[in-house]
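> Starting from these lines, generate the structure:
(3 chains)
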Amino acid sequence: MSRKLLVIAVLVMVASMIFAAPITLYIWQGAGTTFTKTLQDLCNQFTALNPNVKVDVLYTGNYHDTLTKTISAVQGGNPPDLVMIYDVGTQVMMDSGVVIPIQDMIDKDPSFDINTIIPAARNYYSYNGKLYSMPFNSSNPVIYYNKNLFEKAGLNPNDPPITFDQFIADAQKLTVKDSSGNTVQYGFTFGTGEPIAWFFEQFLAVQNALYLNNNNGRTGRADKAVFDSPAGVRVLDFFNTMVQNGSAINAGAGWDNAESLFLSQRAAMLIDTTGDITMMLQGAGSNFKVGVMFLPHPSGVPYGGVIVGGASLWMINTHNTQREQAAWDLLKFLESADSQSQWSAATGYFPINRNSIIKLLYQGYYAQNPEFLVAVLQLLMSTPGPATSGALSGAMPDIRTAVSDAFSNVFSKAMTAEQALQQAQNQANKDLANYNSLY
Amino acid sequence: MSLPRKWIPYLLLAPTFFIITVFIYYPAYQSFFMSLYKVSPFGTSSRFVGFDNFLQLFQSGRFLQSVYTTLIFVVVTVGIGLVLSLFLAMLLNDKIPGIGIFRTLIFSPYAVSPAVAGVLWAFLLSPLSGYVSYLFLIFFKVQPQWLTTYPLALIAVMIATIWQNIGFNVIFFLAGLQSIPKSYYEAATIDGANSVDKLFNITIPLLSPITFFLIIMNISSSVFYSFAAIDVMTEGGPSNTTTTMMYEVYREGFFYFNNGAASSESVILILIMAFFTYLYFKFGQKAVHYQ
Amino acid sequence: MTKKQKRTVHVIIKEVALIVITIIMLLPILLSITMSFETPSEVFTYPPRIFPNTLYLGNYVNAFNSIKLGRLLINTIIMSVIIVAGKTVFGILAGYAFANFKFKGSSLLFALLFVTIFMPAEMIMIVPLYKLMVSLHWVNTYWALTIPFIASATSVFLMRQYFLTIPKELEDAARIDGAGSIKYLTKILIPLSKTMIGSVIVINFVYAWNFYLWPLVVINSNSMQTAQIGLQMLMTTGATRNWGIITAGTIIVLAPVLILFFAVQNLFVQGIVTTGLKE
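Numbering: from 1, shown residues only, chains lettered A, B, ... in the order given. The predicted structure is shown next:
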């Protein structure tokens, strides 16, 4: 009797597989040309294994525009299945009510081992132990440095600075002026606006310090900013010391000008994201050797680590179980060790699956590409905790503007670090209250 | 010919008004409604707050600063832009060899999108490695921090905006100059007028319908379209000194997703512009010389 | 000096002035052209170069292939042509109405129309406009890309201004000759306004050509995206953001507009616009 049932069950399953309507999943992502191609390749591999499911990868602008488009689509009843949303959009997505938390799919699917996801990535996109989105393209801040210029300045290119003090000292040695007293080479450069606000968050985590209350919003909704602290002041002073003594240059808003300063060898050190490693290597070409170092940290202060940046993949609730199941299968595939290894090797983002890291290590990838190893190690050597899990709030973009303004105010000597941070924190508290008022 | 003349203007206007009613006024009305609410980014929760959003704005130092910045921005970009463009248009109003190419090249900055213009200027003004910075270093031996200090950053975004709009102004000044009969100038020469006289007594008055159009269009363009360049070049900094009202709206709506705030700022912006336009038409028309 | 010699000197001075001015104005674009011919590691040489060392064409090839620029250009041309046709035609009709007719409500209607200049779609109307597209089933179609934008307060305002400069006597003369309002428009006014209409066409084309956010929101398939979206894709932070390719893409996208302008500016023939009253 039971064997008959078994046969029927198998027949039904097979029939449903054969007769299941083919579906097309839509993934929206805001990454550049290489990503689109690599992502489409991976999705094609998925389709090869699941002929019923085609995947359409659409480029939808930068991260902000992608969120705008997603909001329109969802409100218009036309949502994608999966969408890549940037890190600071996490709480907005969580609060939206239109997503399916990944944890829900995991709980129904014993075949997926959540422990393959590296803790740093997992912690960032979780709240109260629940994973909301699938980490995908995660990055870290690192310092790129010009090994040739190090040698010229009498510094050992294989012994870059580790502490704030060493960094500041080296930056001065790497500053070169011409006969009229104009600086023609800076020791250090960085971008303001969003970049420096992100770096500020990172340097707080490096000191194991919190950015927002309630454990960075991880154990309760964050309603106060706490970055006006000795740790925060240390970060402002770190940048400002070098700006005021002329060894560092504020390259302007955004990432581009800082990068071009570094690549044209007008600055010896650059703080940037691991997401741009390939661009750095290509841009330097045969002109100079690029080195990668950890973020420096202040000595005598507890060491935390870095926070993942980048974006993650969110499942939108399309109210269609078949699509959602297919989307989940795609997510599992994209998270698999094999896919993550391919993704990492092609784009420079590090894998979020620990088995990928192990595989790449065994394959000799990190031996051949030591720069990528630095990024991975910095993340893996971070102490898991609320500080390195990153701040969670829908008001993060607003707060970043306030933080960037604090830096501008300090650089222009309009305020001291303490005053600037206090003003930024007050503004941040207003922004938090504003966002939270709806929840 | 069978249509009574009375109906003709309305028929001529019908397509335009149909489109703007359905596709501009109808969605806009919904947006303006949002200014009375606090709305979540995805619109899933909202709360009626009446004029709270507006009150918050007037108490916000940032908003008031953006009004001031906008004022300076508009006056400078429109004023200098029009004068430069008129000068260029007069230069280009000639049939010398290659004039077509010169016109096209001088027009080309306008063809670039504001965002791209911002990218190009940000590159040029990049410290040390940008070409303008390089020129300043070797010719003047100084290193102005174009994008990171006040007031240079404001000057930089104004230059980028003026640069962009020259093409637009030149086209229309050219068309306007073309329609001034040569005979007027010839007659003036016979009467003993010199170039300056001709400029102020013939050219400028006869160009006034076009100038009237250009002033308000330039103001509109400075206010509503220059934010893209600002975003790329300075992100509104340093310390909000290059944040115009429209840029603030843009950030509220597309970065912070504070829909209620963005909506209320837009409403205020439109009201200011509408009021200004009313004054402009009422008093400006008198200065315009139609034949 | 003879008149001819005076003229020659005049021309030479003008040419030199124009060359200098053009170079200064074109500096950002010249730089882009230079970068577009440089390899990734050449792009960042210091001192920055104004003229490229070699003519590396790889960037152009890459720009075309990596974002399927050809297809994007075609989409953008189609969309732009439709928008330009609409704005220009409706602009002429409505401008004519406001300039040459006295009718009830004209001031109010003009004001209502004019205010829309201050209401760009991309400012705060994205979501409601998108929802409207959904209810019309226009999402991901050329309808959504074009129809909401085929009216133009700017074009109406401009044509009105221009028509107002045409003397009323011309219209009276035409009426005496038996021409009705529409005939006057098509047979006399429009030919007289060739240069202005040419200008309107160009600026409307630029407006449509540089559309970015709306096409991004309303288009859901790769094959229908527009050129500016492609450019943004080249520029987005990515592992291989390559300024050579970005500038090559920018130049390619810029080209059609310049070609159009060059064609139109031929209409700017220097000459006398007859008032038509001499006969």
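> Does the longest helix belonging to chain C reach chain A?
Determined from DSSP state H, the single longest helix within chain C is helix C:3-36. No. Judged by C-beta under 8 Å from any C-beta of the partner chain, helix C:3-36 stays clear of chain A, getting no closer than 10.5 Å. Bear in mind the C-beta positions are built from the backbone N, C-alpha and C, glycine included.
> Could I get the average pLDDT for that helix?
Average pLDDT, helix C:3-36: 89.
> Who are the packing partners of whichever helix or strand comes after it?
Using DSSP states H and E, the next helix or strand after helix C:3-36 towards the C-terminus is helix C:58-66. Judged by 3 or more C-beta pairs under 8 Å, 6 or more residues apart in numbering or on different chains; DSSP states H and E, the packing partners of helix C:58-66 are helix C:243-265.
> Can you give the distance of the helix it packs on from its chain's centre?
Helix C:243-265 has its C-alpha centroid displaced from the chain centroid by 12 Å (C-alpha atoms, centre = their mean, to the nearest Å).
> mind checking which helix or strand the spatially most central residue of chain C is in?
Nearest to the geometric centre of chain C sits C:V206, at 2.4 Å (C-alpha atoms, centre = their mean). Element membership of C:V206 [criterion: DSSP H and E] is helix C:194-209.
> so where is chain C shaky, pLDDT-wise?
By pLDDT under 70, the low-scoring segments of chain C are C:1, C:237-241, C:267-279.
> so who does B:S35 touch?
B:53-54, B:260, B:263-264, B:266-267 (C-beta atoms under 8 Å, 6 or more residues apart in numbering or on different chains).
> for chain A, what are the nearby residues on the stretch 51-200 of chain B?
Looking at chain A, the residues of the stretch 51-200 of chain B close enough under C-beta under 8 Å from any C-beta are B:119, B:122-123, B:125-130, B:137, B:141-143, B:145-150.
> Sitting in helices, which of the residues you listed do you find?
B:119, B:122-123.
> among the contacts of B:S35, which are in reach of chain C?
B:263, B:266.
> Dump the contacts of B:S35 to CSV, plus secondary structure and pLDDT.
CSV is the format used below for the contacts of B:S35 (DSSP: H, G, I helix; E, B strand; the rest coil; pLDDT from 0 to 100):
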residue, secondary structure, pLDDT
B:N53, helix, 90
B:F54, helix, 92
B:G260, helix, 87
B:S263, helix, 90
B:S264, helix, 92
B:S266, helix, 91
B:V267, helix, 91
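> Can you give the distance of the longest helix of chain C from its chain's centre?
That offset, for helix C:3-36, works out to 23 Å (C-alpha atoms, centre = their mean).
> and it, what other elements does it pack with?
helix B:61-92, helix B:99-111, helix B:114-124, helix B:131-135, helix B:152-178, helix C:243-265.
> what sits up against the third one?
The one in question is helix B:114-124. Contacts of helix B:114-124 (C-beta under 8 Å, 6+ apart): A:252-254, A:256-257, A:260, B:109, B:112, B:130-133, B:147, B:156, B:159-160, B:163-164, B:225-233, C:27-29, C:31-32, C:210, C:212, C:231-232, C:235, C:246, C:250.
> Now do the buried residues in stretch A:420-438.
Neighbour counts using 16 or more other C-beta atoms under 10 Å in any protein chain shown place A:420-421, A:423-425, A:427-432, A:434-436, A:438 of stretch A:420-438 among the buried residues.
> Could you tell me which of the contacts of helix B:114-124 count as buried?
Counted by 16+ other C-beta under 10 Å, the contacts of helix B:114-124 give A:252-254, A:256-257, A:260, B:109, B:112, B:130-133, B:147, B:156, B:159-160, B:163-164, B:225-233, C:27-29, C:31-32, C:210, C:212, C:231-232, C:235, C:246, C:250 as buried.
> related to what we said a few turns ago, closest one to chain C out of the contacts of B:S35, please.
The closest of the contacts of B:S35 to chain C turns out to be B:S266 (C-beta to the nearest C-beta; 4.6 Å).
> So for that closest one, what's the nearest residue that isn't a sequence neighbour?
Nearest residue to B:S266 in three dimensions, chain neighbours excluded: C:I124, at 4.6 Å (C-beta to C-beta, 6 or more residues apart in numbering or on different chains).
> neighbours of the residue nearest to B:L125 when sequence neighbours are not counted, just the number please.
Excluding the flanking residues, the one nearest B:L125 by C-beta to C-beta, 6+ apart is B:W146, at 3.9 Å. B:W146 is flanked by 25 other residues according to other C-beta atoms under 10 Å in any protein chain shown.
> Surely B:W146 is in contact with B:V132?
Yes. If you go by C-beta atoms under 8 Å, B:W146 and B:V132 touch, sitting 7.3 Å apart.
> Give me the common contacts of those two.
B:L125.
> I'd like the helices and strands packed on helix C:3-36 as a markdown table, with distance to A:S139 appended.
As requested, the helices and strands packed on helix C:3-36 are arranged in a markdown table below (distance: least, C-beta to C-beta, whole Å):
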| stretch | distance to A:S139 |
| --- | --- |
| helix B:61-92 | 30 |
| helix B:99-111 | 35 |
| helix B:114-124 | 22 |
| helix B:131-135 | 29 |
| helix B:152-178 | 28 |
| helix C:243-265 | 20 |
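> For the longest helix of chain C, list every residue counted as buried.
C:14-15, C:18, C:21-22, C:25-36.
> what do you get for stretch B:183-194?
For stretch B:183-194, the neighbour count (16+ other C-beta under 10 Å) marks B:188, B:193 as buried.
> who in the stretch 101-250 of chain A is up against chain B?
A:180, A:182-184, A:186, A:192-194, A:249-250.
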